[in-house]
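Trainee: With the input below, show me the fold.
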Amino acid sequence: MTEDVRDALSALARGESADPAARTIDEAVSALDDVADLAAFVDDDGDERLRRAVEAADRAGDRAAARRGRRALATIDRCRDAAADHFRSGRGTVLWTGDQPPEQ
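Mentor: Purely as a prediction, here's the structure:
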């Protein structure tokens, strides 16, 4: 039995998809429940893998998986934007580069 067949049968036994694109989409959707999991997924080039998985699902005609993947990508993009906004200076807020003076 080849490794691919063994992995596919194991995934089916666990109730997971044997399709690599669907597995990647499932992984991304699961990661959305926890910030640390999502950060690890993105850090592991997960957003690029997810983009490729969405394209593969589209090519295979799996509209439901592609839609779930696009929603996950949109959520990842919103999280990335929110994190970037968090580190921008607010109105009139001074972000010190060194130690603050003792009187403040």
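Trainee: buried residues in stretch 74-88?
Mentor: Ile76 (16 or more other C-beta atoms under 10 Å). (Glycine included, C-beta is placed from N, CA and C.)
Trainee: average pLDDT across stretch 56-63?
Mentor: Here stretch 56-63 scores 93 as its mean pLDDT.
Trainee: Tell me the buried residues in it?
Mentor: So stretch 56-63, judged by 16+ other C-beta under 10 Å, has buried residues 56-58, 62.
Trainee: Among those residues, which ones are in helices?
Mentor: Counting by DSSP state H, the part of the buried residues of stretch 56-63 found in helices is 56-58.
Trainee: Name the nearest of the residues you listed relative to Ala22.
Mentor: Ala57 (6.9 Å; C-beta to C-beta).
Trainee: From Asp43, how far out is that closest one?
Mentor: Per C-beta to C-beta, to the nearest Å, Ala57 is found 23 Å from Asp43.
Trainee: repeat for Asp37
Mentor: 11 Å.
Trainee: neighbour count winner among the two?
Mentor: Asp37 (15 against 9; other C-beta atoms under 10 Å).
Trainee: name the helices or strands packed onto the helix or strand harbouring the more buried one?
Mentor: Following DSSP states H and E, one finds Asp37 within helix 35-43. Counting contacts by 3 or more C-beta pairs under 8 Å, 6 or more residues apart in numbering; DSSP states H and E, helix 35-43 packs against helix 20-31, helix 63-86.
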